[in-house]
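**Student:** Pasting a predicted model and its sequence here:
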Amino acid sequence: MARYILRRLIQSIGVLLGVTILVFSLVQLIPGGPALMILGEDATAEQIAMVNHNLGLDRPLHVQYLDWLSKVCRGDFGKSFQDSRPILPDLLSRMPATLELLAAAMFIALLIAVPIGIASAVKRNSLLDNVGRVFALLGVSMPSFWIGLLLILVFAKDLRWLPSAGRESWTGVIMPAIALGFAMAGILMRMIRSSLLEVLREDYLKTARAKGLSERIVILKHAMRNAILPVITTIALQVGNLLGGTVVIETVFAWPGIGRFCYMRMLQRDIPTIMGNLLLYAVLVCILNIITDLLYALFDPRIRYS
Amino acid sequence: MIIDDNTKRTMRRLFRNPLTLIGFILILANLGMVLFAPLIAPYNPEEMHLPDRHTAPCAKYLLGTDFYGRDILSRIIYGSRISFTLGLSVVAGGLLFGTTLGLSAGYFGGRTDSFLMRLTDVFLAFPQLVFAMAIMSVRGQGFGNVVFALTVTGWTAFARLVRAEALSLRGREFVQAAQSLGAGTPRILFRHLLPNLMAPIIVQATMGMATPILTEAALTFLGIGMPPNIPSWGGMLSVDRDFMETAWWSITFPGLAIAMTVLGFNLFGDGLRDALDPKLKS
């Protein structure tokens, strides 16, 4: 198990190194370069040269990259173009709000997906199954921000049951979590259904039934244990998307997380903050992927001992 | 045109499922809007009828008007052009780039495979929407930039799929036969392997239309996708989100248009997968 964890960590370091190259390349995509972006179209060649010199952009590309990388490794993500504040503390201070939203969305997704997914597989081709499948497809087809707007319209503006924005009370997380988690619920529901259907054909379940175990135990303890593996993989693959979705949902619900903060900075074209944000998201995705892989190994001894 | 028995069987399997048929009809309806927008739209989508601002759905404006008095139905019809062409462009870009990389990784294996798959992992480490937003904020609004941003962030699905399929086919007799006949690598990749991968690629391309449509809508909703003067569904939601309490129709119908289009591609893609590749059937 220790060797497996070590191998997984080394792989992640390689991926993270690639991530830093890609994030650094973002600067190269700026039409005319960062100096022109800062100074505007009317800038003279001298002004551009001066800004490039001040920012260290007149050095060879690989020197710029290594300098930036060494700072990033020491936790220095640079300073914002907007207010000259260090970027990392600003991002980290907003992290709890984003993680809270992420966890709540995941909870909602599982709350919807697990019972419907299981029922759909056990009662295959029934009315319940068909309704569940259409519901799952609808979930993945509706834009999350539109669901958010509709929820605000009905539950905040019309019925006045829930707050339409902010994180002041615990009820504030309900609507953003539903809007964010709905698509994930659809994906998970489909995965749980198909994965369980696959397992339900296995002989060992016949044995479990022949031993006289109740259907509930057979499904929840014996079948789900094997059906859960592809579901975990799906969750891992979807967490990145869920994290991406927080940007638009935090904006719709004025949720004070990293996503909304970075969206504001993106509108202002604050390149260092955008780079810092991308990097932080990629690190978060990598960490979540490692955790998932470890969970996977925990559930499946074949991986642990390979 | 001669349709062989195999195609007939696939078509029969495809349309036996009513959900697939619904998906096909939704896509056809969308295509109809794209092709015949000037003929079926009741108004010019940019024409402002200021005295009729935020008019509820009525006989004159079937789906009502927006903040500027523009006909929502006409804007939805014209907006389909952006969604559809954008989806197609992104899928085509992803197909070209992802398929080439995936084929190479799967066929060559070894270090090439390892390098290309790590490259895919790097791109997958970013949440797609955030990565696309970052590119858009740097490059600026516009159709070309949205296509670029979504292709850069979306090719990995094709690469991984094609790589896995190519990996399973590269040891097969027909590939060995081509090799022993002295066929060059590009010929083996594109004339022998690729045609055998078409079923999963077609399924992925159909279902892959959904993501760019949703992501473009999100980008434009946030004000960093399509410019505001071009009628697009995400843009319509963005303009009227502050008035949804008094004009519910202005956010309901554009969102419904997005959801129905994406649902169409998802339903049809699901059906295609079942019909073309029964072993993938869930």
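**Tutor:** Ah, there it is.

**Student:** Quick check: closest non-adjacent residue to A:R260.
**Tutor:** A:E250 (3.9 Å; Cβ to Cβ, 6 or more residues apart in numbering or on different chains). Yep, even glycine has a C-beta here, placed from its N, CA and C like the rest.

**Student:** again with B:T211
**Tutor:** B:G154 (6.4 Å).

**Student:** same thing with B:T246?
**Tutor:** Nearest one to B:T246, counting by Cβ to Cβ, 6+ apart, is B:H54 at 6.4 Å.

**Student:** Could you say which helix or strand holds the one residue in the stretch 201-306 of chain A that gets nearest to chain B?
**Tutor:** In the stretch 201-306 of chain A, the residue that lies nearest chain B is A:G244 (2.8 Å; Cβ to the nearest Cβ). Using DSSP states H and E, A:G244 sits within helix A:224-252.

**Student:** Counting neighbours, what do you get for the residue nearest to B:T211?
**Tutor:** Neighbours of B:G154 under the rule other Cβ atoms under 10 Å in any protein chain shown: 23.

**Student:** Show me the domain layout of chain A.
**Tutor:** Listed by automatic domain parsing, the domain ranges of chain A are A:2-73, A:94-268.

**Student:** May I ask you to name the longest helix in chain A?
**Tutor:** helix A:87-122 (DSSP state H).

**Student:** Counting by contacts, list what the helix or strand just after that helix packs against.
**Tutor:** Reading on from helix A:87-122 to the C-terminus, the next helix or strand found by DSSP H and E is helix A:127-141. With contacts taken as 3 or more Cβ pairs under 8 Å, 6 or more residues apart in numbering or on different chains; DSSP states H and E, helix A:127-141 sits against helix A:87-122, helix A:174-200, helix B:249-276.

**Student:** Minimum distance to A:P272: which of these has it?
**Tutor:** helix A:87-122 (5.9 Å; Cβ to Cβ).

**Student:** circling back: mind checking how far the nearest residue to the residue of the stretch 201-306 of chain A closest to chain B once chain neighbours are set aside is from A:V248?
**Tutor:** Residue nearest to A:G244 in three dimensions, not counting chain neighbours: B:P127, with 2.8 Å by Cβ to Cβ, 6+ apart. With the distance defined as Cβ to Cβ, to the nearest Å, B:P127 ends up 11 Å from A:V248.

**Student:** tell me which element the nearest residue to B:G102 once chain neighbours are set aside falls in.
**Tutor:** Excluding the flanking residues, the one nearest B:G102 by Cβ to Cβ, 6+ apart is B:V162, at 3.0 Å. Secondary structure from DSSP H and E places B:V162 in helix B:156-169.

**Student:** can you give me phi and psi for whichever residue of chain B sits closest to chain A?
**Tutor:** As assessed by Cβ to the nearest Cβ, chain A sits closest to B:P127 within chain B, at 2.8 Å. Phi and psi for B:P127, reported as degrees, to the nearest 10, are phi -60, psi 130.

**Student:** Kindly report the same for B:T65.
**Tutor:** Torsion angles, degrees, to the nearest 10, at B:T65: phi -120, psi 160.

**Student:** Would you mind measuring from it to B:R241?
**Tutor:** On the measure of Cβ to Cβ, B:T65 and B:R241 end up 16 Å apart.

**Student:** now swap in A:R94 and tell me
**Tutor:** 23 Å.

**Student:** One more: B:V130?
**Tutor:** Counting by Cβ to Cβ - B:V130 and B:R241 are separated by 21 Å.

**Student:** Of the two, which one has the most company?
**Tutor:** B:V130 (30 against 18).

**Student:** Identify the residues contacting the more buried one.
**Tutor:** A:L243, A:G244, A:V247, A:G259, A:C262, A:N277, A:L278, A:Y281 (Cβ atoms under 8 Å, 6 or more residues apart in numbering or on different chains).

**Student:** and which of those residues is nearest to A:R59?
**Tutor:** For the contacts of B:V130, the nearest to A:R59 is A:L278 (22.2 Å; Cβ to Cβ).

**Student:** hmm, the helix or strand the closest one falls within in reach of chain B?
**Tutor:** Per DSSP H and E, A:L278 falls inside helix A:271-299. Yes: under the criterion of Cβ under 8 Å from any Cβ of the partner chain, chain B is reached by helix A:271-299 at A:I271, A:I274, A:M275, A:N277, A:L278, A:Y281, A:A282, A:V285, A:C286.

**Student:** From the contact counts, what lies against the helix or strand hosting A:M50?
**Tutor:** For A:M50, the element it lies in under DSSP H and E is helix A:45-55. For helix A:45-55, the elements it packs on are helix A:34-39, judged by 3+ Cβ pairs under 8 Å, 6+ apart.

**Student:** Give the rounded mean pLDDT of the helix it packs on.
**Tutor:** With pLDDT averaged residue by residue, helix A:34-39 scores 81.

**Student:** Stretch B:155-164 too?
**Tutor:** Stretch B:155-164 comes out at a mean pLDDT of 90.

**Student:** Can you show me the CA trace of that stretch as PDB?
**Tutor:** What follows is stretch B:155-164, C-alpha atoms only, in PDB (Å, rounded to 0.1, in the frame of the first residue of the first chain):
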ATOM      1  CA  TRP B 155     -10.000  17.300 -26.800                       C
ATOM      2  CA  THR B 156      -9.000  15.000 -24.000                       C
ATOM      3  CA  ALA B 157     -12.300  13.000 -24.100                       C
ATOM      4  CA  PHE B 158     -11.500  11.900 -27.700                       C
ATOM      5  CA  ALA B 159      -7.900  11.200 -27.000                       C
ATOM      6  CA  ARG B 160      -8.600   8.900 -24.100                       C
ATOM      7  CA  LEU B 161     -11.400   7.100 -25.900                       C
ATOM      8  CA  VAL B 162      -9.500   6.500 -29.100                       C
ATOM      9  CA  ARG B 163      -6.400   5.500 -27.300                       C
ATOM     10  CA  ALA B 164      -8.200   2.800 -25.300                       C
END
